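Peer 1: Generate coordinates for the sequence data below:
(one chain, ligands or ions: 1)
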Amino acid sequence: MKSRLAIDGGEPVRTKSFPSRAAGFGEEEMAHLRDVVESGHLFRVGGAKTQQLEERFAALLGMKHAQAVTSGTAALHTAIGAVNPDPGDEIITTPLTDMGTVIGIIYQNAIPIFADVEPGGYHLDPDSVAREITPRTKAIIVVHLWGMAARMDEFLALGREHGIPIIEDCAQAYLTEYKGKLVGTMGRAACFSLQQSKHMTCGDGGLIVTNDDDLADRAKLFADKGWDRSAADRGHLFVGMNYRITELQSAVALAQLGRVEEFVARRRKLGDLLTQKISGIPGVYPPADSRASGNSYWYYPLRVNGEELGMTKERFIAALGAEGVPAWVWLAGQPLYMFDALRLQRTFGNSHHPFDCACASRRVTYEAGICPNAEKTVAQLVTLTLHEFYTEDDVADMAAAIHKVAEAAQKP
Ligand SMILES: Cc1ncc(COP(=O)(O)O)c(C=O)c1O
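Peer 2: Numbers count the residues shown, from 1 in each chain. A predicted model of the protein is given here:
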């Protein structure tokens, strides 16, 4: 017999709250922070922690250069600044991403071009990307979403064929594997976020990695006001930002870096367990597990097909919440280009720059329907929290609540 849902007055599966990530911060973070405070040197230049963070992160990925900055958004802006588009150039990316992926494109006066994702999937479709390439395409930003790898071989081949750099957005994808390689090691540059929800964090921060010496040099300048610290007379070589991270942030990130492999292993174990426990429920599609997708699990996305499930996504979310398993909607259920900032092209003053700039070769606008697969995926998306401090029992409760709600949804 179906048990009565908590949303309808039944007993909830779970009444206690889930573990917080606060357990991830402790003595190691305090020790590095104490070093910084006692040294009296909080500025990254001349400090030890940022340098160690950069060296160790580069070593973890087997890359030549890593540069720490103030956020994932800053990392992406810096990578774009280093690629140095001309105003009106185009950069192709996915509409299933955080706004931080495209802000730097627009601030560099380039135009984000949204390609569609694979049908029923989360990642860019290489064929759709290929269709968007024009002589003005300056870069392709491939996002590895939710900790799963995008189809890098195809993107790298496209990049080689057209002479276009691939930037990997790994904000959600620490130590994600793709055909035996780590994501972030294959493109011209890769960007990571150290924001609170990420696999390693210092509250806010970011990292750029590359094997390209010229790009690394330019990125370093871009995030430091274009100010050349190698020269005695220190000229400003070009216009850049101040995206310098502080030693305090780096201290915490350095401690977290020491545990990121452990955190990812734990997320994989728990994420795969949940995927195994809820596979096969009609209308509820879990993400591919870590063997199939290299998944390192940034949160836990589900696709919910209301018709197959017999319940709307909204009721599914409310019912899970009532069972004691909070679920939420990412991107407000819409692709990035449907947010007012992009759809109405609210950029600089009332100019709509760079979209209606004479420097652009065409008038790019965004409206519903331009990426139908992305719209369908994001409309079905339900997100659950899952991280390294969850236990197997927590995962069992999550699975039990999902089964209970799905069974109640099925018609008798
Ligand atoms: C895919 C993706 N790109 C970029 C960003 C921006 O990172 P930040 O919030 O650190 O600026 C995020 C943040 O969640 C993200 O998920």
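
Peer 1: what residues does the protein put near the ligand?
Peer 2: Contact residues (Cβ under 6 Å from any ligand atom) of the chain with the ligand: 71-73, 97-98, 100-101, 143, 169, 171-172, 193, 195, 204, 206. Quick note: C-beta positions are derived from backbone N, CA and C, even for glycine.

Peer 1: quick one: buried residues of the helix or strand bottoming out on mean pLDDT in the chain?
Peer 2: Taking mean pLDDT, DSSP states H and E as the measure, the chain has helix 290-293 as its least confident helix or strand, at a mean of 88. In terms of neighbour count (16 or more other Cβ atoms under 10 Å), helix 290-293 has its buried residues at S290, S293.

Peer 1: so after it, what's the next helix or strand?
Peer 2: As assigned by DSSP states H and E, the chain's next helix or strand after helix 290-293 is strand 300-304.

Peer 1: Quickly run through the sheet partners of that following strand, with directions.
Peer 2: Using DSSP bridges, the neighbouring strands of strand 300-304 in the sheet come out as strand 284-285 (antiparallel), strand 381-384 (antiparallel).

Peer 1: In the stretch 301-412 of the chain, which residue sits nearest the ligand?
Peer 2: In the stretch 301-412 of the chain, no residue comes nearer to the ligand than W330, which is 9.4 Å away by Cβ to the nearest ligand atom.

Peer 1: ok, and the closest non-adjacent residue to that residue?
Peer 2: T383 (4.9 Å; Cβ to Cβ, 6 or more residues apart in numbering).

Peer 1: quick one: which of the residues of the chain next to the ligand has the most company?
Peer 2: Neighbour counts for the residues of the chain next to the ligand, by other Cβ atoms under 10 Å, peak at G206, which reaches 31 neighbours.

Peer 1: correct me, but that residue touches H77?
Peer 2: No - in this structure, G206 is not within contact of H77 by Cβ atoms under 8 Å, at 9.3 Å.

Peer 1: Identify the contacts common to these two.
Peer 2: Here G206 and H77 have Y243 as joint contacts, going by Cβ atoms under 8 Å, 6 or more residues apart in numbering.

Peer 1: Just list the residues touching the residue of the stretch 251-400 of the chain found nearest the ligand, thanks.
Peer 2: Residue nearest to the ligand within the stretch 251-400 of the chain: W298 (7.4 Å; Cβ to the nearest ligand atom). Contacts for W298 (Cβ under 8 Å, 6+ apart) come out as W146, G147, Q172, A173, S197, K198, H199.

Peer 1: rerun at 10 Å
Peer 2: For W298, the contacting residues are 144-148, 171-174, 176, 193, 197-199, 267, 271, 383, 386-387, by Cβ atoms under 10 Å, 6 or more residues apart in numbering.

Peer 1: Show me the residues you listed that map onto strands.
Peer 2: S193, T383 (DSSP state E).

Peer 1: Weed out the non-buried ones from the contacts of W298.
Peer 2: 144-148, 171-174, 176, 193, 198-199, 267, 271, 383, 386-387.

Peer 1: My guess is T185 contacts I166. True?
Peer 2: No - counting by Cβ atoms under 10 Å, T185 does not reach I166; the two are 11.7 Å apart.

Peer 1: Show me the helices in the stretch 101-250 of the chain, by range?
Peer 2: Assigned by DSSP state H, counting those that start in this stretch, the stretch 101-250 of the chain shows helices spanning 126-132, 152-162, 213-222, 247-257.

Peer 1: Any chance of the ones you listed in TSV with mean pLDDT and mean neighbour count as columns?
Peer 2: Putting the helices of the stretch 101-250 of the chain into TSV (pLDDT from 0 to 100; neighbours: other Cβ atoms under 10 Å) gives the following:
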stretch	mean pLDDT	mean neighbour count
helix 126-132	98	17
helix 152-162	98	16
helix 213-222	98	20
helix 247-257	98	25
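
Peer 1: With mean pLDDT added, can I get the strands paired with strand 300-304 in JSON lines?
Peer 2: Formatted as JSON lines, the strands paired with strand 300-304 follow (pLDDT from 0 to 100):
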{"stretch": "strand 284-285", "mean pLDDT": "97"}
{"stretch": "strand 381-384", "mean pLDDT": "98"}
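
Peer 1: Dump the ones you listed into CSV; add distance to I106 as well.
Peer 2: Shown next, in CSV, are those (distance: least, Cβ to Cβ, whole Å):
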stretch, distance to I106
strand 284-285, 33
strand 381-384, 25
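
Peer 1: Among those, which comes closest to G369?
Peer 2: G369 sits nearest to strand 381-384 of all the strands paired with strand 300-304, at 18.3 Å, using Cβ to Cβ.

Peer 1: ok, and what's touching that closest one?
Peer 2: With Cβ under 10 Å, 6+ apart as the test, strand 381-384 has contacts from 18, 96, 122, 146, 274, 284-286, 298-304, 313-314, 316-317, 320, 325-331, 333, 398, 401-402.
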